[in-house]
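sequence unknown, structure follows:
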């Protein structure tokens, strides 16, 4: 049975439970994964449905259509667990926020808050305890995930624009130079007055909600970039706001077409795949002449439908029915092209994990693009896409969650073959001496 589950040549269905699926610790070990934790979301799946599962730094948040939000402790992205932290997989809290029904955006997970937009209300929830920090009635359906960045919470508006709220209305911002603590001085203002404004401490008015022009409808989640935030619009513009001493600087970059998914941000690099079959790296330059600059750009041979995803230096894009393609994140150099098609879930270690067209979980070699594993998913049919970390999260509609961590690190991309060296030039024949020339004549 194990061999059949691993190769896809056994039973058509591996049955219920964990046995024979990647959540089986013996199967996980065979495919280079470790089962970190298993947990059950506390809701009645016979009367409700699982809506969203979001993977954040140290937290996995599940939302169900009965209005409940459930938070589980998870591995931190770039650091070891803090002393006294709950064991990973522990249910930290499960609470009701708003009434059942109505549109719901996926939760935003920040360092202090979990933010949930449900129907016409916005909830800011303490991520450690599940207590409501504050609640606002927005009067509009959610335009996307609401996220905490710095001392602010940013809410995309369904009609366009981004509204900024303080993360805690009862406390002043921690940073006196936070954006719009004072307005940018107008041209011609006296230097002394401009300096006084720049040195002014935040006032109660500076903590009031403020709406920024988003340059179009915000289609993808707002993300942190540099010391500020970035987003993309439905008309194909990448925008970032970066705080200054007096207000904020705004930079825009034309992608020429909409991004197929939220761009992938790593450090100061932004990777975006667009509906015009473009893949680009855009770098945010902080020193000197600040702004967004093209790092590299490639034209894909098919329109992407997901991605990009990153493992080590390998950037992977799903091309729909045409398969997948991989590139060097540093240079944009093509690495491989695979005909295997499916929905990409995550890059974990040296594998890209996808749900293929037959509904099975397939493992694609990150270094070569070849399919290595094909496994039965059984009840784990609720797809959880995780481009934030190297964990593969499986979920069932009944609320069973499994976290799988890689045992092997991401493989280095295959080195491109060196071009053949040109043949060395043949040395020219030396000119004949005068005596030899005379003898020939």
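Arrived safely, thanks for sending. On a predicted model such as this, the values are computed, not experimentally measured, just so you know. Residues are numbered from 1 along each chain as shown.

what does stretch 233-243 rub up against?
Defining contact as Cβ atoms under 8 Å, 6 or more residues apart in numbering, one finds that stretch 233-243 is touched by 150, 177-179, 212, 214-219, 225-232, 248-259, 263, 270, 272, 274, 282, 284, 286, 290, 292. Just so you know, the C-beta spots here come from the backbone N, C-alpha and C atoms, and that holds for glycine as well.

if you look at the residues you listed, which of them are in strands?
Residues of these located in strands (DSSP state E): 212, 225, 228-232, 248-254, 270, 272, 282, 284, 292.

For the closest residue to residue 136 other than its chain neighbours, give me its contacts.
Counting by Cβ to Cβ, 6 or more residues apart in numbering, residue 136 lies nearest to residue 122, which is 4.8 Å off, once chain neighbours are set aside. Counting by Cβ under 8 Å, 6+ apart, residue 122 touches 115-116, 135-138, 142, 146, 155.

Helix or strand for residue 122, just tell me which one.
Assessed by DSSP states H and E, residue 122 sits inside strand 121-126.

Okay, and residue 27 sits in which element?
Using DSSP H and E, residue 27 sits in helix 25-30.

I figured residue 365 hits residue 349, correct?
No - assessed by Cβ atoms under 8 Å, residue 365 is found out of contact with residue 349, at 10.7 Å.

Between these two, which has more neighbouring residues?
Neighbours were counted for residue 365 and for residue 349 using other Cβ atoms under 10 Å; residue 349 has more, 25 against 17.

That one touches residue 32, doesn't it?
Yes - at 5.8 Å, residue 349 counts as touching residue 32 under the criterion of Cβ under 8 Å.

Show me the common contact partners of these two, please.
406-408.

ok, and the most crowded of those residues?
Greatest neighbour count in the shared contacts of residue 349 and residue 32, by other Cβ under 10 Å, goes to residue 406: 21 neighbours.

partner residues bridging it?
residue 33 (DSSP bridges).

now do residue 114
In this entry, residue 114 is beta-bridged to residue 109, residue 125, by DSSP bridges.

show me what contacts it?
Per Cβ under 8 Å, 6+ apart, neighbours of residue 114: 59, 61, 69, 71, 107-108, 125-127.

go again using 10 Å as the cut-off
Contact partners of residue 114, counting by Cβ atoms under 10 Å, 6 or more residues apart in numbering, are 54, 56, 59, 61, 69, 71, 93, 97, 107-108, 123-128, 130, 133, 146, 148.

With residue 294 instead?
253, 280-283 are the contacts of residue 294 under Cβ under 10 Å, 6+ apart.

Compute the distance from the centre of the one helix or strand residue 393 maps to to the centre of its chain.
Under the criterion of DSSP H and E, residue 393 resides in strand 392-395. Distance of strand 392-395 from its chain centroid, counting by Cα atoms, centre = their mean, to the nearest Å, is 16 Å.

Please, which helix or strand holds residue 54?
Per DSSP H and E, residue 54 falls inside strand 50-56.

list the helices and strands that strand packs on?
strand 59-64, strand 68-73, strand 108-109, strand 113-118, strand 392-395, strand 400-406 (3 or more Cβ pairs under 10 Å, 6 or more residues apart in numbering; DSSP states H and E).

Which neighbouring elements make contact with the second one?
When contacts are defined as 3+ Cβ pairs under 10 Å, 6+ apart, strand 68-73 sits against strand 33-40, strand 50-56, strand 59-64, strand 91-96, strand 113-118, strand 121-126, strand 400-406.
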